[in-house]
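> Predicted structure and sequence below. I'll ask about it afterward.
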There are 2 protein chains.
Amino acid sequence: MSKKVVYRFDEGRGDMKRLLGGKGANLAEMTRHGLPVPPGFTITTEACLDYYAAGRRLTQEVLDQMEQAVADLEQRTGKGLGDPERPLLVSVRSGAVISMPGMMDTVLNLGLNDETVEGLARMTGNPRFAYDSYRRFIQMFGDVVLGIDHYLFERIIDERKEERGLKQDPELAAEDWQWVIERYKALVKRETKESFPQDPKEQLRRAVIAVFDSWNNQRAVIYRKIHKIPDHLGTAVNVQMMVFGNMGEDSGTGVAFTRNPSTGEKVLYGEFLTNAQGEDVVAGLRTPEPISALKRRMPGIYEQFREITDRLERHYRDMQDIEFTVERGTLYILQTRSGKRTAHAAVKIAVDLTKEGIIDRETALLRVDPDQLNQLLHRRIDPEAQLDVLTKGLPASPGAASGKVVFDADTAEQLARDGEKVILVRPETTPEDIHGILASQGILTSRGGMTSHAAVVARGMGKPCICGCEELRIDLRKKEFRVGETVVREGDLLSIDGGTGQVIRGEVPLIDPELSGEFQEILAWADEIRTLKVRANADNPEDAAKARRFGAEGIGLCRTEHMFMEASRVPIVQEMILAETPEQRQEALDKLLPMQLEDFKGIFREMAGLPVTIRLLDPPLHEFLPNLEDLLAEVTRLRLDPESDPQELKSKETLLGKVKALHEFNPMMGHRGCRLGLSHPEIYAMQAEAIFRAAAELIKEGVSVQPEVMIPLVGHVNELKELRRLVEETARRVMEETGCQISYTVGTMIEVPRAALTADAIAEEAEFFSFGTNDLTQMTFAFSRDDAEGKFLHSYLDRKLLPDNPFMTLDTEGVGKLVRMGVELGRRVKPELKAGICGEHGGDARSIAFCHEVGLDYVSCSPFRIPPARLAAAQIAVQSSRKAQQG
Amino acid sequence: MSKKVVYRFDEGRGDMKRLLGGKGANLAEMTRHGLPVPPGFTITTEACLDYYAAGRRLTQEVLDQMEQAVADLEQRTGKGLGDPERPLLVSVRSGAVISMPGMMDTVLNLGLNDETVEGLARMTGNPRFAYDSYRRFIQMFGDVVLGIDHYLFERIIDERKEERGLKQDPELAAEDWQWVIERYKALVKRETKESFPQDPKEQLRRAVIAVFDSWNNQRAVIYRKIHKIPDHLGTAVNVQMMVFGNMGEDSGTGVAFTRNPSTGEKVLYGEFLTNAQGEDVVAGLRTPEPISALKRRMPGIYEQFREITDRLERHYRDMQDIEFTVERGTLYILQTRSGKRTAHAAVKIAVDLTKEGIIDRETALLRVDPDQLNQLLHRRIDPEAQLDVLTKGLPASPGAASGKVVFDADTAEQLARDGEKVILVRPETTPEDIHGILASQGILTSRGGMTSHAAVVARGMGKPCICGCEELRIDLRKKEFRVGETVVREGDLLSIDGGTGQVIRGEVPLIDPELSGEFQEILAWADEIRTLKVRANADNPEDAAKARRFGAEGIGLCRTEHMFMEASRVPIVQEMILAETPEQRQEALDKLLPMQLEDFKGIFREMAGLPVTIRLLDPPLHEFLPNLEDLLAEVTRLRLDPESDPQELKSKETLLGKVKALHEFNPMMGHRGCRLGLSHPEIYAMQAEAIFRAAAELIKEGVSVQPEVMIPLVGHVNELKELRRLVEETARRVMEETGCQISYTVGTMIEVPRAALTADAIAEEAEFFSFGTNDLTQMTFAFSRDDAEGKFLHSYLDRKLLPDNPFMTLDTEGVGKLVRMGVELGRRVKPELKAGICGEHGGDARSIAFCHEVGLDYVSCSPFRIPPARLAAAQIAVQSSRKAQQG
């Protein structure tokens, strides 16, 4: 028997999405539940794949089963395809497994030809409607199936309107449309060298082919790439009896959400237009009325619709986005699907549905996208602000920013150095613009997509970015851009919203994120369910306080070098580096000690009762010294200047010598981390002393302190062993001197591949592991992030050589294998070993899921990413327990 | 029952080395075989460990058993310790498990005191001999046990000689020695606040303690570090009846090798001195005669000795180094051990012993150290040359070099730039001297050991180096050094032999290595036994030819970038890099194509019939452009100079822009390898075309060609997949155009950790894997080799944080785990996958053993390392099969 490739709506089910596509499965599900859905059938996604496999040809199976389905449809509706008396008209729509709104093609009113149009006119008693429908059909078919430019059709209508002195389409009469139809047919003949097809079965066949083809049109391919939808799914095609909302004042069409998609409020929300077809709403020629107007105009229909929307929401247990049409007083539901919503609405709807008893808390947690939640946590434009929106581009990196427009990286750097905020506007960016991106508040490009250079780099740096803003006409020579008539020049103020893609003239007020009650509520539910703890990466008391407000359960990474880099301390740090004797070095360290001590006290106080992982100094010492090139120039100048102070020259020369001596070819893999601790034990000793003295002072104040001392960049257990001894000796000494018992642990970063590979040996000397997946990713891929993101990574993502940016989403196959190995080997030796992650991946939902699966105890991320991380941790807990129940 | 910690020589056996030490086991073995060994006993290494465990105290067990053993000895010899009539004198010597010649302490003539010396004088009828022996004993005991400086004793003798107007010790009479003895005893009293111990049992106890202590003297500790001898073995102590070679003309002492230790020739080789004790030979006061003199002087003894040496050699199946003494016409064998020998002798002796039927071929192969063999393959000093040897240091990096002496890195660099050959002489080197080391022919330091900075860096660079040459008195200010009276100034010619540690005045003639018949013979045996193939890393026809002469079975790594770096080609390569249009770039590539093609033809021709693995371009493009700093200076100069050519300025500015754009923070992990191939496919396409056209041309000439195209730096299978397609398309095209069938394979380097971790996926697209363990080690450790070897690695080795330099000996725990994983995962998917190694480890014996164990098909190394690699591969094959037979 041949494979079933065509399903009547009443043969399918809601769970057959993979086969019938989202729309087809929905139509089937609604039909099964007795909703007033116009009858029709679905050609499966398998048929689409067969079509491609056969070299873009419909298989005989499909042709046969389609014919049968049409016959069924004719019988059920009492109409006939091509029947001049009772013509059956159908819509032909795509329906992918995962919704790709607007990306693929649709043909309406199929079945009309020179004969059936007359029948339609007679049947409806409305010739104007019939001819209008026919010309719409020719136009859509011409565009979608025959590939004739849309504007060629529009030109014909314009010509007619001009001739007749009319402005708007509705003013055209039946004869006008007949005139237009003749010209349309002539256009088709001229463009395609064939007559417009009159046989409705041929029309149907060709429309189905066109829909299948549209799976691979450029729009669709790009959309899939952006939304990470696999290319091999194919699309289904839905063929459905047409109903008409434009058959008079007792007809109409609309779209409604069961709740407000931007606030989440529980009100029917949508638009309705009487005597109109769907495309009139889209075309914007007539302004639709709010859905409430339906209540006034057709109270019976409204009630029936209300009741149906409630049923649909309860049935699908989610807010629905419903398309409907009223044909001469009869309500038809054309489509229902889960409605897109803002992050804010997503949270409110999930919480409300739970409280209404429609879904449980676990389901509520799964309904909110942690990445989307992330948007709520960036600075955003004050919603009260009046915005002069110029245009829109792709929302490539979230957050909002304002600044002066600049058109090149050098100017951006220069202005930024003078304290100006700038927005860098470029056709696209290249590695040569990196310093400009770094100097800017935000980036705006006219070309390139979500994986373009600008997008990848900006997301990496956490800067707002809008890409592919195609309406921008940039003139680099004149240093200006145009959007339509508006000209924006270098130095003009501009704002961008990287979360929405809006480009706005002038400066806009930005507000800090504020979190709603529902937001707090859903996070509280998340906390009850998740097993992964969430900690913060925080280097100072302010960030620690912020993190705690966001729900951090400790600090997973406190980078002590940030304390060294404070402007007032850099001279002392340099003094320490340049010291020529151990005494001089100790002197400088003695000055740094009280400063570090205060830092640690502040952090410990904010995190009272919670663990704080402190990483000892990690970066190479040359990071604290002046730049080699600048210094070289300075020394050259001093040497050439006969007036220069010989003392100054000498000291600069000494500095230059040190900078040269410390210079490294690959500083990422050079003299840093524990290597520095081993060659300069006095630095680590000072840091350990500051940690333990801070702890002792707070303990005396009655504050509970849990320091975890972390040694960075360990590759061999001996490194850890030796430095651990140093830390323990310091702790012992401080405890003796202060008479204070401090409970602390010593552990290590696992960020060097060798550490993961030999984690069993390393675990012998560590109480905890913290996977530093930023560096681990760099080493495992041999990607220097600074170089890769600027130079080749965007092209790798664009060409799908890599599925994701491994610095944002953990590469589970490679880097993840090392993480898994590290945890397993470590726990084999020390089952109680605490393990967490402190790379940026700690804030990424998919990476968090992986961390849960490999059994980490916690993730640590930047304070703003804590709420999404709490949610993501809960989601994976729910999914795992559901999977366990199923399996 | 108490543990046995003291063994009489006739109680031990040769296989009890671990317990009795090498010397003790040998004495026992010789005793068991009836050789004339003076009787005695051995205190075990366990007793030494107990001594340390007890806090440096002899345990009661040892004291009791020693007493018993002394009583036994007294009974057997008919003499008594402290017996004034028939005094028993003994030697007390160390004897470690692994020989550490000269590193630990010895006391002779123990048992003498004010009374027994008179007995000895009576018994021997030779008072002069007796007093001389007593003063020698006081002197050695004073030095070794009491820690009194040697020169204080020497001064007393000098005083006496001066008083008496004598020049040499032998001229001193019995009375003189009596005078000396009194002064010695006074010296001891002054220095130690106690009298010289008169009780022979106390003397013995304290001597044993001193020997145990000497296990941890500085010399011994350093020696163990250099020779990788574990610290926990401890030493045994041998107590043996003294025999005297200085009892007249019928007495004497000597040392002999059963074969010539420098040539391997089968002749008794050694020295003999009549009427002398061993230390007279060492002290060099009298010149010993060649061993042949014994034949003349004591023909009977000579015959007996000859017979014994033959027996010993056959018994131990190896060339022996034998110490003997004749006491009044009686021959005593004091020691035998396997003799140290030159690499040359090692080869000849192994081959000769095999031919004599004493050992089999497998044993012969195990007798030659591949690392030592390596010395035979470096340039060396012409052995015919007359050498003015100034002094000797530690042989830290093999090879010989001559050049002008310089005392600082900057001068070294400057002179080298002017085309001078220089030898850099420093007290020690630091990271700031790297450029000087790079510029020099060889390095000589007065301080530091085998793992000092200079040693590690020089070995890494393959430059000759002598370290820790303590006789050198360097005066950096005066720019000169002194050895004794000799002064060597900056600019003077000096030569060093890093294989022997010899420092030689002037320039010496160097010769290329030449390989003996035995050398070829043993390698032929190696080839029969080994299963690992040995290939060469070679980038040009000359190296390929050399490699083939050394026995290479193909090329494992041909680095195509070296072809790009040829001076005449660099401008074209730059033209290619700077091209602004694809056409311009293609034009440059079209010029490079015929050059690469000729390179490949030359290499293929030399390797006819053997596989040649060609790695496509690997380094980042900026390596082919001028240095950023130089260019910056040049542009600055041009900008400031009002006369400068604006055209030149513009072109330099363009170049500078490109250099800046290509600049990378961590070039090791940047835009190189396959990343370059993916962004610049035209470069790889050109290289592939050159490879296949070269192959086609040679095939037409009838030459058999086996190209293996290797893609570098692959981390994800998609990279390989895409580039493999490019290579295959090029191959197809060339084959079509030339009408020539080329059989080739495509494979990849495994040098990025991720590649090893995902080797199963990668194997789907690869016919072969070549483990690039240089880069793999860098990434796995996160060690940038350029930085690590200059900055911290030497200290890591010094402090034993790492057991070996992982760039020289493969880190089997970490990097090796990835290699093993890579092979296993790869072969799981593709059992026939060919796998090899092409990092420097491919030439290191221990690493080769690992490669054999994990099942690699071949190792690839530089041409000169091929013979040692062939030998090492055979050794591991022998060891594995022996282990398999045992297991």
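Alright, I've got the coordinates. Residues are numbered from 1 along each chain as shown, chains lettered A, B, ... in the order given.
> now the residue positioned nearest the centre of chain A, nearest residue through space, not along the chain?
In chain A, the centroid-proximal residue (Cα atoms, centre = their mean) is residue A:371; its distance is 6.0 Å. Leaving aside its chain neighbours, residue A:371 sits nearest to residue A:845 (5.9 Å; criterion: Cβ to Cβ, 6 or more residues apart in numbering or on different chains). Backbone N, C-alpha and C define where each C-beta goes, glycine included.
> Touching, the one you found and residue A:879? I think so.
No - with contact defined as Cβ atoms under 8 Å, residue A:845 does not count as touching residue A:879 (11.4 Å).
> Can you pick out the residue with more neighbours from these two?
Neighbour comparison, residue A:845 and residue A:879: the larger count goes to residue A:845, with 21 against 16 (by other Cβ atoms under 10 Å in any protein chain shown).
> distance of that one from residue B:631?
46 Å (Cβ to Cβ, to the nearest Å).
> Same question for residue A:428.
The gap separating residue A:428 from residue B:631 is 27 Å, by Cβ to Cβ.
> Is it correct that residue A:230 falls within a strand?
No - using DSSP: H, G, I helix; E, B strand; the rest coil, the assignment for residue A:230 is coil, not a strand.
> Test my guess that residue A:189 contacts residue A:195.
Yes - contact criterion Cβ under 8 Å: residue A:189 and residue A:195 qualify, at 5.8 Å.
> Find residues that contact each of those two.
Common contacts of residue A:189 and residue A:195 (Cβ atoms under 8 Å, 6 or more residues apart in numbering or on different chains): none found.
> elements contacting the longest helix belonging to chain A?
Across chain A, the longest stretch assigned as helix under DSSP state H is helix A:582-606. Applying 3 or more Cβ pairs under 8 Å, 6 or more residues apart in numbering or on different chains; DSSP states H and E, we find helix A:582-606 packed against helix A:541-549, helix A:561-564, helix A:570-578, strand A:611-615, helix A:681-701.
> what's the most buried one of the ones you listed?
For the helices and strands packed on helix A:582-606, the largest average neighbour count (mean count of other Cβ atoms under 10 Å in any protein chain shown) is found in strand A:611-615, namely a mean of 25.
> touching chain B at all, it?
No - contact of strand A:611-615 with chain B is not found when judged by Cβ under 8 Å from any Cβ of the partner chain; the minimum separation is 15.6 Å.
> Against which helices or strands is that strand packed?
Judged by 3+ Cβ pairs under 8 Å, 6+ apart, strand A:611-615 is in contact with strand A:555-559, helix A:582-606, strand A:706-711.
> from the stretch 1-150 of chain A, which residue is nearest to chain B?
residue A:52 (21.3 Å; Cβ to the nearest Cβ).
> any chance of the helices and strands packed on strand A:611-615 in a markdown table, plus mean pLDDT and mean neighbour count?
A markdown table is the format used below for those (pLDDT from 0 to 100; neighbours: other Cβ atoms under 10 Å in any protein chain shown):
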| stretch | mean pLDDT | mean neighbour count |
| --- | --- | --- |
| strand A:555-559 | 95 | 26 |
| helix A:582-606 | 94 | 18 |
| strand A:706-711 | 98 | 25 |
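> what's the closest of the ones you listed to residue B:683?
Among the helices and strands packed on strand A:611-615, strand A:555-559 comes nearest to residue B:683, with 40.3 Å by Cβ to Cβ.
> Name the strands paired with that closest one and say parallel or antiparallel.
Paired with strand A:555-559 in the same sheet, following DSSP bridges, are strand A:533-537 (parallel), strand A:611-615 (parallel).
> Reformat those strands into a markdown table and put mean pLDDT next to each item.
Shown next, in a markdown table, are the strands paired with strand A:555-559 (pLDDT from 0 to 100):
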| stretch | mean pLDDT |
| --- | --- |
| strand A:533-537 | 96 |
| strand A:611-615 | 98 |
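> how about these in TSV, adding distance to residue A:261?
TSV is the format used below for these (distance: least, Cβ to Cβ, whole Å):
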stretch	distance to residue A:261
strand A:533-537	29
strand A:611-615	41
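> With residue B:269 as the reference, name the closest of those strands.
With Cβ to Cβ as the criterion, residue B:269 lies closest to strand A:611-615 of the strands paired with strand A:555-559, at 62.9 Å.
> Would you mind listing what in the stretch 701-850 of chain A touches chain B?
Counting by Cβ under 8 Å from any Cβ, the stretch 701-850 of chain A sits next to chain B at A:713, A:715-716, A:718-719, A:722, A:751-754, A:757-758, A:761, A:775, A:778-784, A:786-788, A:791-792, A:795-796, A:799-802, A:811, A:813-815, A:817-818.
> The stretch 51-200 of chain A: helices as residue ranges?
For the stretch 51-200 of chain A, applying DSSP state H, counting those that start in this stretch gives helices covering A:60-77, A:116-124, A:127-144, A:150-164, A:174-192, A:200-214.
> before we move on, could you check phi and psi at residue A:515?
phi -110, psi 130 (degrees, to the nearest 10).
> hang on, it packs against residue A:866?
No - counting by Cβ under 8 Å, residue A:515 does not reach residue A:866; the two are 11.3 Å apart.
> So for those two, which sits in the more crowded spot?
More crowded of residue A:515 and residue A:866, by other Cβ under 10 Å: residue A:866, with 28 against 16.
> Quick check: pLDDT value at the nearest residue to residue A:586 once chain neighbours are set aside.
Among residues not flanking residue A:586 along the chain, residue A:682 sits closest, at 6.4 Å (Cβ to Cβ, 6+ apart). pLDDT for residue A:682: 94.
> which regions of chain A lie under the pLDDT threshold?
Applying pLDDT under 70 to chain A flags the ranges A:1, A:278-285, A:431, A:451, A:460-462, A:887.
> Could you rerun that using 50?
Within chain A, not a single segment meets pLDDT under 50.
> Enumerate every residue touching residue A:628.
Residue A:628 touches A:656, A:659-660, A:663, counting by Cβ under 8 Å, 6+ apart.
> Break down the stretch 401-550 of chain A into its helices, ranges please.
A:409-417, A:434-439, A:453-461, A:517-529, A:541-549.
> before we move on, the earlier item: would you convert the helices and strands packed on strand A:611-615 into a markdown table that also reports distance to residue A:131?
As requested, the helices and strands packed on strand A:611-615 are exported to a markdown table (distance: least, Cβ to Cβ, whole Å):
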| stretch | distance to residue A:131 |
| --- | --- |
| strand A:555-559 | 70 |
| helix A:582-606 | 74 |
| strand A:706-711 | 77 |
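> State the helix or strand in which the residue nearest to the centre of chain A lies.
Assigned by DSSP states H and E, residue A:371 belongs to helix A:370-376.
> could you point out which element follows that helix?
Using DSSP H and E, the helix or strand that directly follows helix A:370-376 along the chain is strand A:380-381.
> just checking, what packs against that next one?
Using 3+ Cβ pairs under 8 Å, 6+ apart, strand A:380-381 is in contact with strand A:493-497, strand A:510-511.
> Comparing these, which comes out most buried?
When the helices and strands packed on strand A:380-381 are compared using mean count of other Cβ under 10 Å, strand A:493-497 is most buried, at a mean of 25.
> picking up where we left off before, I figured the residue nearest to residue A:586 hits residue A:587, correct?
No - Residue A:682 lies out of contact with residue A:587 (Cβ under 8 Å); the separation is 11.0 Å.
> how many other residues sit next to residue A:568?
7.
> er, residue A:18 actually
15.
> Show me the one of the helices of the stretch 51-200 of chain A that comes nearest residue A:108.
Residue A:108 lies closest, by Cβ to Cβ, to one member of the helices of the stretch 51-200 of chain A: helix A:127-144, at 6.0 Å.
> Would you mind writing the CA trace of the closest one as PDB?
What follows is helix A:127-144 as a C-alpha-only set of coordinates in PDB (Å, rounded to 0.1, in the frame of the first residue of the first chain):
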ATOM      1  CA  PRO A 127     -20.000  40.700  -9.000                       C
ATOM      2  CA  ARG A 128     -17.600  43.200  -7.600                       C
ATOM      3  CA  PHE A 129     -16.600  40.800  -4.900                       C
ATOM      4  CA  ALA A 130     -16.100  38.000  -7.500                       C
ATOM      5  CA  TYR A 131     -14.000  40.000  -9.900                       C
ATOM      6  CA  ASP A 132     -12.000  41.500  -7.000                       C
ATOM      7  CA  SER A 133     -11.400  38.000  -5.800                       C
ATOM      8  CA  TYR A 134     -10.300  36.800  -9.200                       C
ATOM      9  CA  ARG A 135      -7.900  39.600  -9.700                       C
ATOM     10  CA  ARG A 136      -6.400  39.000  -6.200                       C
ATOM     11  CA  PHE A 137      -6.000  35.400  -7.100                       C
ATOM     12  CA  ILE A 138      -4.200  36.200 -10.400                       C
ATOM     13  CA  GLN A 139      -2.000  38.600  -8.500                       C
ATOM     14  CA  MET A 140      -1.000  36.200  -5.800                       C
ATOM     15  CA  PHE A 141      -0.600  33.300  -8.200                       C
ATOM     16  CA  GLY A 142       1.400  35.500 -10.500                       C
ATOM     17  CA  ASP A 143       3.600  36.500  -7.700                       C
ATOM     18  CA  VAL A 144       4.000  33.300  -5.800                       C
END
